[in-house]
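1. My questions concern the predicted model and sequence given below.
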Amino acid sequence: MRTQVGIIGAGPAGLALARMLHLQGISSIIIENRTRDYIENRIRAGLIEHWAADMLTDIGVGERMKREGMVHWGTNIAINGEIHHLDFKALLNKRITIYGQQEVVKDLVERRLADGGELLFEVSDVSVDDLKTDKPKIRFTHDGQPKEIECDFIAGCDGYHGISRPSFPADILTVYERDYPFGWLGILSDSPPPDHDLIYSYTDEGFALYTMRSPTVSRLYLQCDHDEDVANWPDAKIWEHLHRRLGGGRKLQEGKILQKSVTAMRSFVVEPMQYGRLFLAGDSAHIVPPTGAKGMNLAFADVVKLSRAIEGFYKKQNNELLENNSKACLRRVWNAQRFSWWMTQIMHRFPDETPFDHRRQLSDLRYIVSSEAAMKSLAEQYTGLPID
Ligand code: FAS
Ligand code: PHB
């Protein structure tokens, strides 16, 4: 098989990249190891930054998001039951949109198929080769047959557990990482959220996040042990902790729990994000703790830059953006890493914290909700810095 860009992974990064390249008249083939049904029903992120929502509309996949997504011009921070609203409209005239990642994936897959672009599901035994040549290859099995794609570039959009990052020579990559001593127990429930806007709740018992997927479906998270077994959390115990960590006179309605899972919390970056003609984008290159809601948005930012670099190669015979792609992506990656770390360390109780840490943290939280400058700083990073 022959194409200009071979894309490994049909998550937000791979699918959005394929669409951006298609709009430039650049051909691609996407290969995905799961089924279409699996990727379209994987419950993950939910928050889309201001610029990213505009980008999805600009590339022609924003219609349903605009109809069904929930726009928020602010958010809430609760400190031991005292709720403070941050008004993004007044501070920066910026918004975020809540629209489940699985819905974004559905819209991107539908667009891909309408574009007539190749998207192969249920591939296996994926490997890459000839990365330092101008004809890199992707080899895999599909429908029981060995296949090979010869291309000009390979985009490794196959997530944290993919094969792209491990295909770099070991001495090329530097890994930067930090694990957190807690995780999030996340549920999807058939019940209305306690407020129109999200509530990030710091309590002495631990963090909780009250977000949503629609006016009648809530997405709720509780800080839990980093190696928590979801079996230790029967529904009644989950609701009890969610009630206790809400406060602020808000009432939380219970409902049928539709999905329950524990997510580990880690910060992870590899440098560089490219080797020869293989370019990493999204979770294959970096992971952020979900507190700052940066994961999917960072994946989109990576592929905006990569598509511009590839377009420069074909349209202007200019390699500069390609050669500097990793550096360009990493500036934003490290900004998102810092913000995600900062939101995580300020909102959670740490098992090894000292009394000094605890008092410092409470003072930090009070400063955020009482200083316009501090609220502005949080708002501009939370709603998403413009893409440079
Ligand atoms: P993805 O992992 O989404 O996509 C990679 C794709 O490659 C997958 O479809 C995978 O099946 C495929 N693949 C893997 N190996 C392959 C191979 N060898 N061959 C072919 N295909 C292969 N982010 C937030 O902002 N907020 C959240 O609340 C949040 N919650 C999360 C919860 C969980 C459990 C996880 C795992 C992540 C969460 N994230 C969250 C982060 C998440 O949204 C990612 O940032 C986002 O999916 C990144 O998109 P991609 O880089 O496209 O990677
Ligand atoms: C979500 O809706 O899944 C979500 C929203 C905001 C976050 C994290 C997760 O900070």
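-> Cool, got the structure. What you see is a predicted model; the values in this text were computed from it and never measured. Ligands and ions are numbered 1, 2, ... in the order given.
2. Any idea what Ile8 is bridged to?
-> Ile31, Gly156 (DSSP bridges).
3. isn't it right up against Ser167?
-> No: if you go by Cβ atoms under 8 Å, Ile8 and Ser167 don't touch, sitting 9.6 Å apart. Any C-beta I mention is one placed from the backbone N, CA and C, and that applies to glycine too.
4. out of these two, which sits in the more crowded spot?
-> Ile8 (29 against 18; other Cβ atoms under 10 Å).
5. mind listing what the more buried one touches?
-> 14, 30-31, 126, 128, 138, 154-158, 162-164 (Cβ atoms under 8 Å, 6 or more residues apart in numbering).
6. Now do it against His161, distance only.
-> Using Cβ to Cβ, to the nearest Å, Ile8 is found at 12 Å from His161.
7. So the closest residue to His22 other than its chain neighbours versus Gly60, what's the distance?
-> Nearest residue to His22 in three dimensions, chain neighbours excluded: Asp115, at 5.0 Å (Cβ to Cβ, 6 or more residues apart in numbering). Asp115 sits at a distance of 9 Å from Gly60 (criterion: Cβ to Cβ).
8. which residues touch Lys305?
-> Contacts of Lys305 (Cβ under 8 Å, 6+ apart): 321, 325, 328-329, 387.
9. Quick check: of the residues you listed, which lies closest to ligand 2?
-> Ile387 (19.9 Å; Cβ to the nearest ligand atom).
10. Would you enumerate the residues in contact with the closest residue to ligand 2 within the chain?
-> Taking Cβ to the nearest ligand atom, ligand 2 has its nearest neighbour within the chain at Gly46, 2.6 Å off. Going by Cβ under 8 Å, 6+ apart, Gly46 touches 98-101, 211-213, 219, 293.
11. Distance of it relative to Gln101?
-> In terms of Cβ to Cβ, Gly46 sits 7 Å off from Gln101.
12. And Arg360, by the same measure?
-> 34 Å.
13. can you check Ile77 too?
-> Remark: distance between Ile77 and Gln101 (Cβ to Cβ) = 24 Å.
14. hmm, back to that, what about Arg360 and Gln101, which has more around it?
-> Legend: neighbour count by other Cβ under 10 Å for Arg360 and Gln101, higher for Gln101 (20 against 13).
15. Next to ligand 2, which bits of this protein? Give me the list.
-> 45-47, 98, 198, 211, 219, 290-291, 293 (Cβ under 6 Å from any ligand atom).
16. Which members of these define the maximum pairwise distance?
-> Distance extremes for those: the farthest pair is Ile98 and Thr291 at 15.5 Å, using Cβ to Cβ.
17. of all of the stretch 101-250 of the chain, which residue lies closest to ligand 1?
-> Counting by Cβ to the nearest ligand atom, the stretch 101-250 of the chain gets nearest ligand 1 through Gly159, at 2.7 Å.
18. ok, and the closest non-adjacent residue to that residue?
-> Asp283 (4.3 Å).
19. All good on my end, thank you.
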